[in-house]
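Peer 1: Coordinates for the following, if possible.
(2 chains)
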Amino acid sequence: MRSRVQMVLVLVISAAISATMLGWVYNYTKPTVLMNQEKKLKRTVLEVFGIPYAEDSLLDVFARSVEVVRRSEGTYYRAYQMRDGSKVYTGVAVELSGPGFWAPIRILLALEEDLQTVRGFKVVEQAETPGLGGRMVEPWFLEQFRGKKVRPALRIVHGARASGPNEVDAITGATETSKALDRIINRGLSSFLAELGHPSDGRAQSASGSHQQSP
Amino acid sequence: MAESSARDTVAGAVKAAPRARKVPLTQREGWKQMVKGIWAENPTFRMVLGICSALAVTNKLTNTLAMCIAVIFVTTASSVTVSLLRKVIPRRVRMAVYTLIIATYVIFVDQYLKAFYPVISEAMGPYVGLIITNCIIMGRAETYASSNPPGRAFLDALGVGLGYAMSLIIVAFVRELLGFGTLFDHRILGTWWEPWVIMVMAPGAFVVLGLYIWLLRGFQMRKH
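Peer 2: Alright, predicted model coming up:
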């Protein structure tokens, strides 16, 4: 009987001590962890727009040049630039996501104000095969999207060299990841643009420019 | 001030005196135990423990180093704690208490990395949390720390931790060099180098780890 009481007592006390310590550590690190996440997101948004910033002025620059638009389908960002003393709208960035080869992929895609030309492309989250699909975070892959047209659709080209104004090279050996990216970008963009009143696929465009018509 | 410090030294000397006879013996044993953990009873190539993390995080040296430091910290801290509590913990619930102690330290490390080294924390993903399941730590708590004083438990855990670190760093060195052509993310091999993609993936880890165990065991056998 005594040993049983001791058993329960030791377990309860050690669990209580452990819980107290962890609670304290969690509370102590929480603000820093949240701050890290916020900074990381803001850094990615500024980078995808190509807005220069210094690490210590990150939050200021973000507040000055980006507007966050929250809606039920997800958040998107509008970029502004100071021109002749007034804020001028220069482009939009949206977060798109979908299944990758191994795990969900989340990307951030920025368009110029014409909503046709890619301004920047960044990967927010991915867990593709390192050295194959994982290479999608490398600059050579991301940079080639800049200036490409998203209409009628962005194409990730396998085998051949990309040549058209809407084509980029796929990653060698990562066909599935490239396909997944292709899907995420084009599906996500067409529904996003339709929502903004700019349907992206050829079918809607040919419908005599009625902007409100969504596919 | 001078008076009090003088008194402290005297008191310290008096206190230390009876211990002084015992210290050298214990210490020598402790150090021996530590070296055992690195070589004769190395967790990776002798006991083949902790292989899950050895496969998972060894594709880059930076991640590997963070993992090694985390494991060394958790092993030593939990061994010392278990050793301090060894007379209080009832035998029948010891495993539950060890798990609790280990988990507490692991979450502590995880949270610390998240707050102060977000980049490393992200690169290591779930593997920091999975240190809890590393059998090396539970093994030391059960076989050594639960029946030895804290000082020796510390050295024992440190030795095993260093032994684990040595193995992981060697494996990661080979994998990162061949798989990326880099070391600590610095390019070592020129652009002529065609990275061996297999080295970056799990099969490459199996191959390198297998060769490593074979080589070191062969070397040990030769010496005997």
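Peer 1: and chain B, which of its residues are near chain A?
Peer 2: Selection of chain B residues close to chain A by C-beta under 8 Å from any C-beta of the partner chain yields B:59, B:85, B:88-90, B:92-93, B:96-97, B:100-101, B:103-104, B:107-108, B:111-112, B:114-116, B:118, B:125, B:179-180, B:195, B:197, B:200-201. C-beta coordinates here come from the backbone N, C-alpha and C atoms, glycine included.
Peer 1: Show me which of those are buried.
Peer 2: Burial by neighbour count, 16 or more other C-beta atoms under 10 Å in any protein chain shown: within the residues of chain B next to chain A this picks out B:59, B:85, B:89-90, B:93, B:96-97, B:100-101, B:103-104, B:107-108, B:111-112, B:114-115, B:118, B:179-180, B:195, B:197, B:200-201.
Peer 1: List the ones among those residues that fall in helices.
Peer 2: B:96-97, B:100-101, B:103-104, B:107-108, B:111-112, B:114-115, B:118, B:179-180, B:197, B:200 (DSSP state H).
Peer 1: any idea whether the most centrally placed residue in chain B is helix, strand or coil?
Peer 2: Chain B has residue B:161 as the residue nearest its centroid, 2.1 Å off, counting by C-alpha atoms, centre = their mean. Secondary structure, DSSP: H, G, I helix; E, B strand; the rest coil: residue B:161 is helix.
Peer 1: in what helix or strand does the closest residue to it other than its chain neighbours lie?
Peer 2: Among residues not flanking residue B:161 along the chain, residue B:72 sits closest, at 3.5 Å (C-beta to C-beta, 6 or more residues apart in numbering or on different chains). Element membership for residue B:72 (DSSP states H and E) is helix B:61-84.
Peer 1: now that helix, how far from the chain's geometric center?
Peer 2: How far helix B:61-84 lies from its chain's middle: 5 Å, per C-alpha atoms, centre = their mean, to the nearest Å.
Peer 1: low-scoring stretches of chain A, by residue?
Peer 2: Low-confidence segments of chain A (pLDDT under 70): A:1, A:198-215.
Peer 1: Give me the distance between residue B:38 and residue A:184.
Peer 2: Residue B:38 sits 48 Å away from residue A:184, going by C-beta to C-beta, to the nearest Å.
Peer 1: ugh, wrong one, I meant residue B:70
Peer 2: Here the criterion is C-beta to C-beta. By it, residue B:70 lies 34 Å from residue A:184.
Peer 1: and the top strand by length along chain A, how far out from the chain's middle?
Peer 2: Ranked by number of residues, the top strand in chain A under DSSP state E is strand A:86-99. The chain centre lies 10 Å from the centre of strand A:86-99; the measure is C-alpha atoms, centre = their mean.
Peer 1: Understood, closing this out.
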